[in-house]
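Novice: give the three-dimensional model of this entry:
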Amino acid sequence: MNGMRFGRTALGTTLALSLVSKPANEPASELARLRAQLVQATKDYKSSLEKLLALDEAEVKKADERLGKTRELYEQGLVSRREVEKEEAVAASARAKVAQVRGQLKSADEQIAETLVEEQAEEVAAKSSAKAAMRARGGLVTTTAYIRYGGARAWSLSEAGAVEQFFAQKFGRQLPISSFGQSPVHDRWGFDHHNAMDVGLSPDSTEGRALMEYLRASGIPFTAFRYAIPGTATGPHIHVGRPSHKVTPR
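Specialist: This next block holds a predicted model:
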């Protein structure tokens, strides 16, 4: 979990440096430009990570070679066991750095995809008819992009434990939460996400459908996004809580 949080924090920091703040009430015509800007920032960020990954992988190779030679010397009685343990620790540290960077790359894909999808879905929702908007609260609205259930009661992020327990009991693994509450990316794009969580499940998967059934039965509002971003990231996920409304970006 700490690795994922670190990856998302690094991503948010990079985007904050790469993107120009989006003013409040910005015209919808700017959405395409901002989306392209975000995608480019993501590619730049991932490119820097990939370069770092190549360097770290080279360090792993060197560390493994040194470790192999040290073990040979130890077997010949030329070095102490402590020298072997020292090289083992260096090699383990190098491999941990590689794993961390790979985790950041994966987190970048997931987090950016979710933000892009939410941005697009909120634009679609803003253009919906008043009748459809009324059905969204307490009812179910289904489009090609997302499934939205308005909920039958108030929801608080403090109830997340019950959702996690249901999923763990049914599927024998932890609920794959990708964003819990507000994140740097939500701050940057002006989404109020403090009372919601994103779950990395496709609404069309067995697990995704089961989660949505549980949420509806419990009266918990959600928006399940189906979209992927071809060539950039994959982003189907289930947003648990009320829709993330626009606020002034930070």
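
Novice: doesn't Met197 make contact with Pro176?
Specialist: No: the criterion here is CB atoms under 8 Å, and Pro176 misses it with Met197 at 10.7 Å. Yep, even glycine has a C-beta here, placed from its N, CA and C like the rest.

Novice: the more surrounded of the two?
Specialist: Met197 (21 against 15; other CB atoms under 10 Å).

Novice: just the pLDDT at that one, thanks.
Specialist: Listed pLDDT for Met197 reads 91.

Novice: could you tell me the backbone phi and psi angles at it?
Specialist: Dihedral pair for Met197: phi -140, psi 150, per degrees, to the nearest 10.

Novice: confirm Ser178 sits in a strand?
Specialist: Yes: membership of Ser178 in a strand is supported by DSSP: H, G, I helix; E, B strand; the rest coil.

Novice: secondary structure element for Ile147?
Specialist: strand 146-149 (DSSP states H and E).

Novice: buried set for the helix or strand just after that strand?
Specialist: Next helix or strand after strand 146-149 toward the C-terminus (DSSP H and E): helix 160-171. By neighbour count with 16 or more other CB atoms under 10 Å, helix 160-171 contains the buried residues 160, 163, 166-167.

Novice: for Leu140, give the beta-bridge partners.
Specialist: The partner list for Leu140 in beta bridges (DSSP bridges) reads Tyr149.

Novice: please convert the buried residues of helix 160-171 to CSV, extending it with pLDDT and distance to Thr223.
Specialist: Shown next, in CSV, are the buried residues of helix 160-171 (pLDDT from 0 to 100; distance: CB to CB, whole Å):
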residue, pLDDT, distance to Thr223
Ala160, 93, 16
Val163, 96, 15
Phe166, 96, 19
Phe167, 96, 18
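
Novice: go through those residues and name the one nearest Phe191.
Specialist: Taking CB to CB as the measure, Phe191 lies nearest Ala160 of these, at 18.0 Å.

Novice: contact partners for the residue nearest to that closest one when sequence neighbours are not counted?
Specialist: Among residues not flanking Ala160 along the chain, Met197 sits closest, at 5.8 Å (CB to CB, 6 or more residues apart in numbering). With contact taken as CB atoms under 8 Å, 6 or more residues apart in numbering, Met197 is in contact with 157, 160, 177, 179-181, 239-241.

Novice: quick one on the thing from earlier: other SSEs contacting the strand holding Ile147?
Specialist: If you count contacts as 3 or more CB pairs under 8 Å, 6 or more residues apart in numbering; DSSP states H and E, strand 146-149 packs onto helix 81-126, strand 140-142, helix 206-217, strand 222-225.

Novice: got the CA positions of that strand in PDB?
Specialist: Taking C-alpha atoms only, strand 146-149 is exported to PDB below (Å, rounded to 0.1, in the frame of the first residue of the first chain):
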ATOM      1  CA  TYR A 146     -20.600   4.500 -17.100                       C
ATOM      2  CA  ILE A 147     -23.200   3.100 -14.700                       C
ATOM      3  CA  ARG A 148     -24.400   5.500 -12.000                       C
ATOM      4  CA  TYR A 149     -26.500   4.700  -8.900                       C
END
